[in-house]
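>>> how would this look folded up:
(one chain, ligands or ions: 1)
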Amino acid sequence: MNIVTEKKCRKCGKIKSIIDFYAPKSLGNKPTNSCKECQRQYASQWNKINKGRYNENARLFRRRHPDRVRDSNREYYINHQSEFHENGNKWANENREKVRESNRKYKKKASIP
Ligand SMILES: [Zn+2]
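Model (predicted):
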């Protein structure tokens with residue numbers, strides 16, 4: 001039986017011992033493609049870019065306060081209302097035939113007792 005003891009990191013290209021790779025349960029305990037060092041670097045970079053916005057806390061917050069998330073979505077909609085409408089109108093203009101067709105179909109269906 002071949003026991004893999006070394007693996008090449010896809011990020012830095014270095015051949016490292018298998019213990020230098022994470023083997024998360026979510027991947028069936030298989031070692032990841034990039035070494036721990038690269039993963040750490042990637043994670044900290046990602047955190048910096050996102051300023052921890054999408055961290056575990058934010059996720060928990062969303063789960064506990066779905067109404068607040070909804071509110072902020074509504075706020076976004078209100079602030080960008082004109083854009084939404086503009087896009088909607090544009091779509092309706094470009095697809096006038098389609099809209100008419102679907103309206104007709106709907107009316108036909110609705111008139112059936
Ligand atoms: Zn690496």
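>>> close to the ion: what parts of the protein are there?
9, 11-12, 35, 38 (CB under 5 Å from the ion). Heads up, the C-betas are built off the backbone N, CA and C, glycines and all.
>>> what about 8 Å?
When proximity is defined by CB under 8 Å from the ion, the chain lies next to the ion at 9-14, 16, 34-39.
>>> which of the residues you listed tops the neighbour count?
Highest neighbour count within the residues of the chain next to the ion: C35, with 24 neighbours (other CB atoms under 10 Å).
>>> who touches the closest residue to that one other than its chain neighbours in this structure?
Spatially, and ignoring its direct neighbours in sequence, C35 is nearest to C9 (4.1 Å; CB to CB, 6 or more residues apart in numbering). C9 makes contacts with 15-16, 21, 33-35, 38, as judged by CB atoms under 8 Å, 6 or more residues apart in numbering.
>>> just the residues you listed: which are in strands?
15-16 (DSSP state E).
>>> including distance to V99 and pLDDT, could the contacts of C9 go into CSV?
Below are the contacts of C9 laid out as CSV (distance: CB to CB, whole Å; pLDDT from 0 to 100):
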residue, distance to V99, pLDDT
I15, 60, 97
K16, 59, 96
F21, 55, 94
N33, 48, 93
S34, 49, 95
C35, 55, 96
C38, 51, 95
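>>> contacts for the helix or strand hosting K105?
Element membership of K105 [criterion: DSSP states H and E] is helix 96-111. Residues outside helix 96-111 that contact it (CB under 8 Å, 6+ apart): A92.
>>> just how off-centre is it within its chain?
In terms of CA atoms, centre = their mean, to the nearest Å, the centre of helix 96-111 is found 35 Å from the chain centre.
>>> buried stuff in that helix?
Buried residues in helix 96-111, defined by neighbour count with 16 or more other CB atoms under 10 Å: none.
>>> same question for stretch 61-81.
Quick answer for stretch 61-81: no buried residues (16+ other CB under 10 Å).
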